[in-house]
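>>> Dropping the sequence and predicted coords here.
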Amino acid sequence: MSDELSFLSHARYGKDKVRVFRIVREGKWHHIVEYNVQLLLEGDIATSYTEADNSVIVATDSMKNITYYVAKISPHVLNPERFALHLGTHVVSKYAHIHKAFVTVEQLRWSRIPVTGEQGPEEHPHAFFRDGDDKRIVKAEVDASQGKDSIVATVTSGISDLLVLKTTESAFNNFVRDKYTTLKEVDDRILSTSIDLSYTFAPIKVQKPSDTNLEELLAPTDIPAGSVWDTTVPSKARKVTLDIFASDNSASVQATLYRMASTIVAQNPGVNSVSYALPNKHYIPVDMSYLGVENIVPAQAEVFMPVAAPSGLISATVTRK
Ligand SMILES: O=c1[nH]c(=O)c2[nH]c(=O)[nH]c2[nH]1
């Protein structure tokens, strides 16, 4: 019997890629969000794997329906951190045998179309455009394993796929030189990366909602600066990332990364740690010397070959002391 040789050491399941679009109408002003949601669960579900016992399975189809239901009733739906917490808390509260929910919300960009109004430029109340491919990513782990009245949540937020490039003020010198080295030292090069950033908040206690009144959940009256409830954190993190990328006289991706991460920790007291993963997307000057055309000195080169692969991949986590 195979049970003598192995055991179920981990089990988690749920629905992935639940696409949700939500409108909140405030008079003529319409607010919108578009999310891709993943909702995974852990709990007393082992027998569904080991004994074909479906009585412990909340169908992933039901999880999809719950996602849409919470998107409909949640007063927090426009904020992905709160929506993720609301969804996870709802599920672990509703099902006695489900102890943990893992919610990932990927928010797509929709910004108001700037139009020319009577008094000059203004934002349109109900027309939007996709002003970037970067996504806001929120991951919430909602843990009710210590009881349904002591639910604890840990939240990680961030950005993925924020594509940036600068044409100067990036150098790369003084690296290890040995028999494997072919790379030349450069004082001036193109620097481009697709930024993945995440930051973690201190764990929070979440009130259990009653089945009938989900709205009572997650409405802290005073919002500590930098906490998961502080809606200014995501825009501050994005701005610092872009500002430092642009203004830093970069000695390396590593050094620029560290400046960005430590600044986010310094500016957001509730943020515990910040991680970046930065692919170094190389742009190689095209050698035209065989034509007698100078295009090889990086600082003067005008035609480059963007190289998708291989790329460097520089990552690090900076943690509050
Ligand atoms: O900023 C950089 N960091 C590296 O580690 C590295 N390695 C490399 O070949 N080019 C670069 N650039």
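Thanks, I have it. Numbering: from 1, shown residues only.

>>> Show me where the stretch 201-321 of the chain has its strands.
204-206, 271-280, 283-285, 304-306, 312-319 (DSSP state E, counting those that start in this stretch).

>>> tell me the most buried of the ones you listed?
strand 271-280 (a mean of 20; mean count of other CB atoms under 10 Å). Every C-beta, even on glycine, is put in place using the N, C-alpha and C of the backbone.

>>> doesn't residue 102 make contact with residue 12?
Yes. At 6.9 Å, residue 12 and residue 102 qualify as touching, with contact defined as CB atoms under 8 Å.

>>> ok, the closest residue in space to residue 226 that isn't next to it in sequence - how many residues close by?
Of all residues not flanking residue 226 in the chain, residue 270 sits nearest, at 3.2 Å (CB to CB, 6 or more residues apart in numbering). Neighbourhood size, residue 270 [other CB atoms under 10 Å]: 19.

>>> same thing with residue 38?
Residue 38 has 18 neighbours, counted by other CB under 10 Å.

>>> was I right about it contacting residue 88?
No. Using CB under 8 Å, residue 38 is not in contact with residue 88; the gap is 11.1 Å.

>>> Determine the residues that are contacts of both of these two.
Shared contacts of residue 38 and residue 88, defined by CB atoms under 8 Å, 6 or more residues apart in numbering, are found at 102, 103.

>>> mind checking which helix or strand the residue most central in space within the chain is in?
For the chain, residue 137 is the residue whose C-alpha lies nearest the centre (CA atoms, centre = their mean; 2.5 Å). Taking DSSP states H and E as the criterion, residue 137 maps to strand 135-143.

>>> List of residues touching that strand?
Residues outside strand 135-143 that contact it (CB under 8 Å, 6+ apart): 80-81, 84-85, 87-89, 91-92, 99-109, 151-161, 198, 206, 234.

>>> Partner strands of it and their direction?
Next to strand 135-143 in the sheet, as set by DSSP bridges, lie strand 98-108 (antiparallel), strand 151-166 (antiparallel).

>>> what packs against the helix or strand bottoming out on mean pLDDT in the chain?
Ranked by mean pLDDT, DSSP states H and E, the weakest helix or strand in the chain is strand 204-206, scoring a mean of 84. Here strand 204-206 touches strand 151-166, going by 3 or more CB pairs under 8 Å, 6 or more residues apart in numbering; DSSP states H and E.

>>> ok, and for the strand it packs on, which residues are buried?
151, 153, 154, 155, 156, 157, 158, 159, 160, 162, 164, 166 (16 or more other CB atoms under 10 Å).

>>> Would you check which pair of the residues you listed lies furthest apart?
For the buried residues of strand 151-166, the farthest-apart pair by CB to CB is 151 and 166; their separation is 44.3 Å.

>>> What ranges in the chain fall below the confidence cut-off?
Regions of the chain meeting the criterion pLDDT under 70 cover residues 1-2, 208-222.

>>> which bits of it sit near the ligand?
172, 183, 252, 253, 254, 280, 312, 314 (CB under 6 Å from any ligand atom).

>>> Convert the stretch of helix or strand residue 41 belongs to to CSV, retaining C-alpha atoms only.
According to DSSP H and E, residue 41 maps onto strand 29-43. Taking C-alpha atoms only, strand 29-43 is exported to CSV below (Å, rounded to 0.1, in the frame of the first residue of the first chain):
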residue,chain,number,x,y,z
TRP,A,29,-18.0,60.3,-10.2
HIS,A,30,-17.4,56.7,-10.9
HIS,A,31,-14.6,54.8,-9.2
ILE,A,32,-13.4,51.5,-10.7
VAL,A,33,-11.0,48.7,-9.9
GLU,A,34,-10.0,45.6,-12.0
TYR,A,35,-8.5,42.7,-10.1
ASN,A,36,-7.2,39.2,-10.8
VAL,A,37,-7.8,37.3,-7.6
GLN,A,38,-6.3,34.0,-6.4
LEU,A,39,-8.0,32.5,-3.3
LEU,A,40,-6.4,29.4,-1.8
LEU,A,41,-7.4,27.6,1.4
GLU,A,42,-5.8,25.3,4.0
GLY,A,43,-7.5,23.4,6.8
